[in-house]
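S.K.: Fold the following, please.
(one chain, ligands or ions: 1)
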Amino acid sequence: MLSLDNAFADDEITAFDRRVRERLKRSDAADSIDYAAEPKLDGLAVSVLYVDGVYRRAATRGDGVTGEDVTANVLTIRTVPQRLRGRVPAVLEVRGEVFLPYAGFAQVNREALERGEKTYVNPRNLAAGSLRQLDASITATRPLEVFFYSVGQFEGGSLPPMQSQLLLQLRDWGLRTCPLNARVRGADGCLTYYRDVGAQRPQLPYQIDGVVYKVDSRDDQQALGFVARAPRWAVAHKFPADEELTTVTGVDFQVGRTGALTPVARLAPVFVGGVTVSNATLHNMDEVARKDVRIGDTVVVRRAGDVIPEVARVLLERRPSQTEAIRLPSQCPVCNSTVERAPGEAVARCTGGPAVCSAQCKEWLKHFASRRAMDIEGLGDKLIEQLVDADLVRTPADLYRLTAAQLAGLERMGERSAANVLAALEHSKATSLPRLLFALGIPDVGETTARALAQQFGTLDALAAARVEAIMQTPDVGPVSAGALVEFFAATGNRKLIAALRDQGVHWPDIETLGTNLPLAGLTFVLTGALAQFKREQAEEALRELGAKTTGSVSKRTSYVVAGADAGTKLTKAESLGVRILDEAALATILSTKKPPAT
Ligand code: IVH
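M.R.: Numbering: from 1, shown residues only. As a prediction, this is how the structure comes out:
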């Protein structure tokens, strides 16, 4: 499932319309584009599959590629039909938004309050919570509704050529669509629609956070294609961010993985943008100084859609007398170590390090266990905090020494969950060098750098023994990261940690030996343009698993450029350098046959 670009101002919409017309070569003032205009519902995206007109499966958006299975839950929504009406395609995947109307939200919260249970902050959270219930009979008690707005997979039959007609077709099949959908002409039509719907918004029985304009013609949509994961043929026009006044009751400093201190404003709770906000990040001390936020100040808090709330500005005219500017603490609020701020840097850091500072330790372990690092399923933030607070774990290696009894003794953990965590830990021991390097949390070593280092050095020992100059030979690694790496591997604590991880059975194959045996070893690929059947990152990962290198820029050394739809300058460069160009079908063949392209 895809996402949408957001716009707030009218001129962003005129610019969107202009780009659409330019790309479609209809730049004449007389050539206006028709748009399907729809409310942007503030709920949860779902995808529902019908086979031969019969309800088969439903999934949430998840991470956009893999969703959660909510088949039983969606079926409890009264307006979702088990069987479609009329002539239906053999396979039909419809997408839409599940939401809870305000009345249902109030009812569920009233009932929760009567039972002395916690209430939900907004309809969207409640809709999401309801849909993800493990027990669908609970979902059934929540008055959820759905509006469908598009079609995904489709086989057997044909679809109408316009989005606006498609919406009518969905309705004829018995699928609910939003009654406020309309067809409008040109940017002017869009803006009129925006104001109309905006004016009706206070009376609507459900929450919307803007409107969406989609180029009506599906042929034109196809011609326009996608950039990253958002279509060029659609845009979300958001309603202005909600703003409310509240007061700052305090400013605390949170300590991150690298010791960075982030000032956070504690606020008198205020309902803004659909949630109650009681904290807002102030980012860093420069930001605090720029906004001149002080304790006791009345501030404007702003929240747009699902964006994190922020302090927009201070009302100086309401400042009480005798306030003091916020000062950076000289000692870490968690471990009391000295706080340092390097000259010219915005960020101040606790110098304690993870061995001393439990806040840094917790963040380090959370990073180590995270999905893109060691991927230890079930070892969530709350559990890690408990483990550190109970002094059961101080370093990543300690995680692998945990026992079932220790885990089962913790809050909200039983024997079953303890066994699951241990199994996940065991499973994570078989890892890869790039993952391990990323997981170690070396300053400046993100996923891409970790991969590049692994490819450059092949083994951890080679990297650990390397000098700054050698490390700088790695693509995109500069003197600062190289220096940080040398320092990291020089520290006794880190050497001990790596030895301890190995002792606990954490292992990874060396890249050298692995690389040269693989079918695509020695080949470098650049992927550009939009691919229809792959997400680019996934295709790149699959190529790398077959031994290829993937990079972002085309050079003489590039073996192949895979060009998707609307490939731009990289394709032109490949052509001019004489680099071989493959299309998506050729890529699919490489991945399925696990063989390099025939020459
Ligand atoms: S179209 C490629 N239409 O907004 C087009 N999305 O910001 C993708 N949404 O994930 C979506 N109302 O959850 C579309 N009328 C509407 C929508 C809508 C709400 C949500 C949907 C999507 C998100 C993208």
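S.K.: alpha carbons only for contacts and neighbour counts from here, please
M.R.: Noted.
S.K.: quick one: A532 and the ligand, what's the gap?
M.R.: 13 Å (Cα to the nearest ligand atom, to the nearest Å).
S.K.: Now the phi/psi pair for that residue, please.
M.R.: Main-chain torsions, A532, degrees, to the nearest 10: phi -80, psi -40.
S.K.: tell me the contacts of it?
M.R.: A532 is in contact with G564, counting by Cα atoms under 8 Å, 6 or more residues apart in numbering.
S.K.: try 10 Å
M.R.: 225-226, 564-565, 584 (Cα atoms under 10 Å, 6 or more residues apart in numbering).
S.K.: Which of the residues you listed fall in strands?
M.R.: F226 (DSSP state E).
S.K.: what would the contacts of A532 look like in CSV with neighbour count?
M.R.: As requested, the contacts of A532 are exported to CSV (neighbours: other Cα atoms under 10 Å):
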residue, neighbour count
G225, 18
F226, 20
G564, 19
A565, 18
E584, 18
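S.K.: now, which of the contacts of A532 sits nearest the ligand?
M.R.: Minimum distance to the ligand across these is 8.8 Å, recorded for F226 (Cα to the nearest ligand atom).
S.K.: Would you mind naming the residues that bridge with that closest one?
M.R.: P231 (DSSP bridges).
S.K.: Wait, a strand at V270?
M.R.: Yes - under DSSP: H, G, I helix; E, B strand; the rest coil, V270 sits within a strand.
S.K.: For the ligand, see how far away it is.
M.R.: 25 Å.
S.K.: same deal with A36?
M.R.: 9 Å.
S.K.: List the buried residues for the helix or strand where that residue lies?
M.R.: Using DSSP states H and E, A36 falls within strand 34-41. Neighbour counts over strand 34-41 (16 or more other Cα atoms under 10 Å) mark 34-41 as buried.
S.K.: quick one: strands adjacent to that strand?
M.R.: strand 182-185 (antiparallel), strand 208-215 (antiparallel).
S.K.: which of these is buried the deepest?
M.R.: Neighbour counts (mean count of other Cα atoms under 10 Å) averaged over each of those peak at strand 208-215, with a mean of 24.
S.K.: Need the mean per-residue confidence for that one.
M.R.: The pLDDT scores in strand 208-215 average 96.
S.K.: give me the element the closest residue to the ligand within the stretch 351-500 of the chain is part of.
M.R.: At 22.3 Å from the ligand, R371 is the closest residue in the stretch 351-500 of the chain, using Cα to the nearest ligand atom. Under DSSP H and E, no helix or strand contains R371.
S.K.: related to what we said a few turns ago, tell me which of the strands paired with strand 34-41 sits nearest to the ligand.
M.R.: strand 208-215 (5.8 Å).
S.K.: what's the spacing between that closest one and its chain's center?
M.R.: Between the centre of strand 208-215 and the centre of its chain there are 21 Å (Cα atoms, centre = their mean, to the nearest Å).
S.K.: Just the CA trace of it, in CSV.
M.R.: Output in CSV follows, covering the C-alpha atoms of strand 208-215 (Å, rounded to 0.1, in the frame of the first residue of the first chain):
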residue,chain,number,x,y,z
ILE,A,208,-11.4,13.7,8.4
ASP,A,209,-8.0,15.5,8.3
GLY,A,210,-8.1,16.9,4.7
VAL,A,211,-9.2,16.0,1.3
VAL,A,212,-7.5,14.0,-1.5
TYR,A,213,-7.4,14.9,-5.2
LYS,A,214,-6.7,12.1,-7.6
VAL,A,215,-6.3,12.5,-11.4
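S.K.: Identify the residues contacting the nearest residue to L113 once chain neighbours are set aside.
M.R.: Nearest non-adjacent residue to L113, counting by Cα to Cα, 6 or more residues apart in numbering: T119, 6.6 Å away. For T119, the contacting residues are 105-106, 108-113, 126, by Cα under 10 Å, 6+ apart.
S.K.: And the pLDDT at T119?
M.R.: For T119, the pLDDT comes out at 77.
S.K.: Quick check: phi and psi on it?
M.R.: phi -100, psi 170.
S.K.: I'd like the distance between it and G129.
M.R.: 12 Å (Cα to Cα, to the nearest Å).
S.K.: Could you report the neighbour count for the closest residue in space to V54 that isn't next to it in sequence?
M.R.: In this structure, V54 finds its nearest non-sequential neighbour in R83, 4.6 Å apart by Cα to Cα, 6+ apart. Residue neighbour count, defined by other Cα atoms under 10 Å, stands at 17 for R83.
S.K.: So R83 is in contact with L49, correct?
M.R.: No - with contact defined as Cα atoms under 10 Å, R83 does not count as touching L49 (11.0 Å).
S.K.: list residues touching both of those two?
M.R.: 55-56.
S.K.: Spell out which residues of the chain are next to the ligand.
M.R.: 2-4, 38-42, 44-45, 97, 149, 212, 231 (Cα under 6 Å from any ligand atom).
S.K.: Is E345 part of a helix or strand, or is it coil?
M.R.: E345 - assigned by three-state DSSP - is coil.
S.K.: Just give me the longest strand of this structure.
M.R.: Ranking each strand of the chain by length (DSSP E) puts strand 242-255 first.
S.K.: By mean pLDDT, flag the weakest helix or strand of this structure.
M.R.: Ranked by mean pLDDT, DSSP states H and E, the weakest helix or strand in the chain is helix 511-517, scoring a mean of 58.
S.K.: what separates the helix or strand following that helix from the chain centre, distance-wise?
M.R.: Next along the chain after helix 511-517, taking DSSP H and E as the criterion, comes strand 524-528. Offset of strand 524-528 from its chain centre (Cα atoms, centre = their mean): 24 Å.
S.K.: Same list (the buried residues of strand 34-41) but as JSON lines, adding distance to L24.
M.R.: Below are the buried residues of strand 34-41 laid out as JSON lines (distance: Cα to Cα, whole Å):
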{"residue": "D34", "distance to L24": "13"}
{"residue": "Y35", "distance to L24": "14"}
{"residue": "A36", "distance to L24": "17"}
{"residue": "A37", "distance to L24": "19"}
{"residue": "E38", "distance to L24": "22"}
{"residue": "P39", "distance to L24": "25"}
{"residue": "K40", "distance to L24": "25"}
{"residue": "L41", "distance to L24": "29"}
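S.K.: could those go into a markdown table alongside pLDDT and distance to D219?
M.R.: Shown next, in a markdown table, are these (pLDDT from 0 to 100; distance: Cα to Cα, whole Å):
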| residue | pLDDT | distance to D219 |
| --- | --- | --- |
| D34 | 97 | 13 |
| Y35 | 98 | 13 |
| A36 | 98 | 14 |
| A37 | 98 | 17 |
| E38 | 98 | 19 |
| P39 | 97 | 23 |
| K40 | 96 | 23 |
| L41 | 94 | 25 |
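S.K.: just checking, L2 touches G62?
M.R.: No - in this structure, L2 is not within contact of G62 by Cα under 10 Å, at 11.0 Å.
S.K.: Any chance you could list residues touching both of those two?
M.R.: With the criterion set as Cα under 10 Å, 6+ apart, the contacts of L2 and G62 do not overlap.
S.K.: give me the number of residues near G409?
M.R.: Counted with other Cα under 10 Å, G409 comes out at 12.
S.K.: And it, what's its pLDDT?
M.R.: pLDDT, G409: 90.
S.K.: wait, what's in contact with it?
M.R.: 415, 418.
S.K.: got it, and I13?
M.R.: Per Cα under 10 Å, 6+ apart, neighbours of I13: 6-7, 19, 186-188, 190-191, 213, 235-237.
S.K.: Present the residues you listed as TSV; the columns should include distance to Q221.
M.R.: What follows is the contacts of I13, written out as TSV (distance: Cα to Cα, whole Å):
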residue	distance to Q221
N6	18
A7	19
R19	13
G186	15
A187	17
D188	20
C190	17
L191	20
Y213	12
V235	12
A236	15
H237	18
